[in-house]
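Enquirer: Kindly return the folded structure for what I paste below:
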Amino acid sequence: MKRFSLLLVLLIAGSFAVIKVLPKSGGDLSIESLLTYPVEIQDLTVSITEQGTLESANNTEIKCRVRGENTVTFVIESGKEVKAGDLLVQLETLAIEEEISERTKFFYLAESSVARSGADVQRAKISIREYEEGRFITDLSSLKKERAIAEANLVNATNRLNHFRMLERSDYASERQVEERLFAREQATLDVALRNTRIAVLEDYTKKEELINLRGELNAAEATHEANLERALADKQRLDRANEELRQCTILAERDGLVIYPDSEQWKDTPEIEEGATVRKDQTILLMPDLKKMQIKVGIHESMVDRMSEGMTANVTLNQTSITGNITYVASVAQPAGWWTGNVVKYDSVVSLPTTENLRPGMSAEVEIILAQYPQSLTLPTNACVETQDGFSCWIRDNGKIIRRDVELGDSNEMFIIVKSGLQRGDEIILDPLGVLPEAQRAAVASDRSDDDSPFGYEDL
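Expert: Numbering: from 1, shown residues only. Got it, this is the predicted structure:
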């Protein structure tokens, strides 16, 4: 890298010097004063460098478990080491305490309704048994007793009628007396029939009607009791939930470790977690990272993402310490572009690092991702080529002459590009031909080029 940087400085300085000596058009060219570079064979590494921030690949999320919006009254400092049981976050509890008071009142009212409706159910069940085994038997026995008396009266009336008929035949009783006894027997017969009808009505209608009413009252009492039970259960669940949320307002550390704040959104300057801030249910308040599994997330420009793949090597520099990692993830969907990103479209990629001591989340990192390596390849500086109508060309100095060469190019990095054909090792390439050679200026193609069309692919990064 030092060699490349020095060479770049020399190239820039030489270009300015040559531009002073040679005009862009017209005038005599001083061939010997042109700055050149010999085509050489060397190892070429194609890479991209991005800035990223160190983070844990396995974060234990500490979330708000209280419904609605809640005010933070205390939060531990980010980056502090804690022990299991230490206080991490305290949320405002006044509203929840008031809710607990209300829920407690409603729960006890519901419990009293359950007790009352339960007694009504038992009373309705007893009423059914009391009628079937008590009042109905009593009423039926009374009617049967009255029927027995009526039947006895009928027998007596029949006997008296037969006796007076016998007396009438012997002229000891008058016809009128016989008719009176006949009328008495008819009354006794009707009385027996009435008693039988009452017994039938009791057994076939009154009993069924009474049981229907009693069972209807039992069903109504049971339905009311079930409703009261459900209401009491709902009130109990609400009370339990409020008590649980009251406990969730105090968040303690479940294990020893480092505590950090979650990253803020890209368009915000500071995290949302601070005393007095408002948090919502399921919002991540704190993170406890696993320091043994660290990674770096970097954004890859859309022009280079097609060259990315999992398993690529990445050289990471953290506080002047170099660590070798690997690409373990390349996003298939780009991050949303906006004013906070300069409308640059980038794709998230993750570089996983081996277990290393003294790594802390939030550390700045420079990540060099190795896209390709070409050992012992014929190369020339990228500023020595010009795109023309027929492809790419460069100019060499040969025996005091300037000769144009059409070349076929391959992959490149920021400084060098691979030559597939058109040149050979040792050729003296004229640097920055567009700045010093009128012929190069005439041959140049003035057109917009996309990253895919250019072999360099770095100008837009």
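Enquirer: Would you point out which residue is most central in this protein?
Expert: The centroid of the chain falls nearest to residue 282 when counting by CA atoms, centre = their mean (9.1 Å).
Enquirer: how far does stretch 214-230 sit from the chain's center?
Expert: 43 Å (CA atoms, centre = their mean, to the nearest Å).
Enquirer: And the contacts of it?
Expert: 110, 113-114, 116-118, 120-121, 123-125, 127-128, 131 (CB atoms under 8 Å, 6 or more residues apart in numbering). Any C-beta I mention is one placed from the backbone N, CA and C, and that applies to glycine too.
Enquirer: List just the nearest of the residues you listed to residue 334.
Expert: residue 110 (55.1 Å; CB to CB).
Enquirer: Hmm, the closest one is touching residue 235, no?
Expert: Yes - between residue 110 and residue 235 a contact is recorded at 4.7 Å, counting by CB atoms under 8 Å.
Enquirer: just the strands in the stretch 201-350 of the chain please.
Expert: All strands of the stretch 201-350 of the chain, identified by DSSP state E, counting those that start in this stretch, fall at 250-252, 257-259, 278-280, 284-289, 294-301, 313-318, 321-330, 346-352.
Enquirer: can you tell which of these is closest to residue 95?
Expert: With CB to CB, the closest approach to residue 95 among these belongs to strand 278-280: 12.6 Å.
Enquirer: I'd like to know which elements that closest one is packed against.
Expert: Using 3 or more CB pairs under 8 Å, 6 or more residues apart in numbering; DSSP states H and E, the elements in contact with strand 278-280 are strand 69-75.
Enquirer: which is the next helix or strand following the strand it packs on?
Expert: Using DSSP states H and E, the helix or strand that follows strand 69-75 in sequence is strand 80-82.
Enquirer: so what does that following strand touch, helix or strand wise?
Expert: Using 3+ CB pairs under 8 Å, 6+ apart as the test, strand 80-82 ends up in contact with strand 257-259.
Enquirer: Show me how far stretch 188-208 is from its chain's centre.
Expert: 75 Å.
Enquirer: buried ones in that stretch?
Expert: Buried residues in stretch 188-208, defined by neighbour count with 16 or more other CB atoms under 10 Å: 188, 189, 191, 192, 195, 198, 199, 202, 207.
Enquirer: Spell out the secondary structure type for the residue nearest to the third one when sequence neighbours are not counted.
Expert: For residue 191, ignoring the flanking residues on the chain, the nearest one in space by CB to CB, 6 or more residues apart in numbering is residue 150 at 4.2 Å. On the three-state scheme (DSSP: H, G, I helix; E, B strand; the rest coil), residue 150 is labelled helix.
Enquirer: Check which helix or strand residue 85 maps to.
Expert: Counting by DSSP H and E, there is no helix or strand that carries residue 85.
Enquirer: need the contact list for the residue nearest to it when sequence neighbours are not counted.
Expert: Of all residues not flanking residue 85 in the chain, residue 252 sits nearest, at 5.5 Å (CB to CB, 6+ apart). For residue 252, the contact set (CB under 8 Å, 6+ apart) comprises 84, 85, 86, 87, 88.
Enquirer: any idea of the mean pLDDT for stretch 310-317?
Expert: Averaging pLDDT along stretch 310-317 gives 89.
Enquirer: how far out from the middle of the chain is it?
Expert: Here stretch 310-317 is found 30 Å from its chain centre; the criterion is CA atoms, centre = their mean.
Enquirer: what's next to it, contact-wise?
Expert: 296, 322-330, 351, 353, 365-371.
Enquirer: Drop anything exposed from those residues.
Expert: Neighbour counting with 16+ other CB under 10 Å marks 296, 323, 325, 327, 330, 351, 353, 365, 367, 368, 369, 371 as buried within the contacts of stretch 310-317.
Enquirer: Check the first one and give its pLDDT.
Expert: Looking at residue 296, its pLDDT reads 89.
Enquirer: Please verify my assumption that it contacts residue 353.
Expert: Yes - with contact defined as CB under 8 Å, residue 296 reaches residue 353; the gap is 7.1 Å.
Enquirer: what sits in contact with each of the two?
Expert: 316, 325.
Enquirer: helices and strands of this protein: which one bottoms out on pLDDT?
Expert: Every helix and strand of the chain was ranked by mean pLDDT, DSSP states H and E. The lowest is helix 2-21, at a mean of 38.
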